[in-house]
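Engineer: I need the structure of the sequence given here:
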Amino acid sequence: MELLGSVRYGRLAMSMRALPFLAVARHLVIEGHVVLRMHRGLGFHESCDGSVIAYGADNFNSPAPGDPQDLWSVQFTGPAEIVRPGADQRERFGSGPAEVNGEHFDPVYVRLDPQVAHMHTLAFGASPSGRTHSVT
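Structural biologist: Model (predicted):
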């Protein structure tokens, strides 16, 4: 969970009309939950509400050139519900985009209650290894 604090966006995986679908979302970790902010006009939040979803993020594009930091990715899976965070929590998300697909950005929030978490690292200059951690 603490790795999410070092990146702002990730990818949400859900089912829309019985088909798998990926969407980008802004995230925060709030009281042990992953809270996602997305545009209401796309309707993704409706597919998430009451469903099990997956959310993943990584630092693949963020290490500075020459930075020895390992690359990592995390994925969380669990039930989701639409929520209305308090004003202080909404403020922590920062400003959103002005528009999404030509529409004024109208934020909506979904809380993911992680039941399973996986983390993978890519270490360069070391022997190949990968770590997977599950939490219940």
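Engineer: shaky segments in the chain?
Structural biologist: Along the chain, the parts satisfying pLDDT under 70 run over 63-69, 125-136.
Engineer: Tell me where it has strands.
Structural biologist: Secondary structure of the chain, counting by DSSP state E: strands at 9-16, 19-30, 33-39, 52-58, 71-83, 99-100, 103-104, 107-112, 116-122.
Engineer: Could I get the ones you listed in CSV, plus columns for distance to residue 3 and mean neighbour count?
Structural biologist: The way it works is simple: take the backbone N, C-alpha and C, and place the C-beta from them, glycine included. Compiled in CSV, those are given as follows (distance: least, Cβ to Cβ, whole Å; neighbours: other Cβ atoms under 10 Å):
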stretch, distance to residue 3, mean neighbour count
strand 9-16, 10, 17
strand 19-30, 10, 15
strand 33-39, 11, 23
strand 52-58, 7, 19
strand 71-83, 5, 18
strand 99-100, 26, 14
strand 103-104, 32, 10
strand 107-112, 15, 21
strand 116-122, 7, 15
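Engineer: so which of those strands comes closest to residue 91?
Structural biologist: strand 19-30 (10.6 Å; Cβ to Cβ).
Engineer: How about residues contacting that closest one?
Structural biologist: Contact with strand 19-30 is made by 1-2, 4-5, 8-15, 34-38, 42, 44, 47, 55, 57, 85, 89, 92-93, 96, 110-111, as judged by Cβ atoms under 8 Å, 6 or more residues apart in numbering.
Engineer: from what I can see residue 40 touches residue 108, true?
Structural biologist: Yes - using Cβ atoms under 8 Å, residue 40 is in contact with residue 108, at 4.1 Å.
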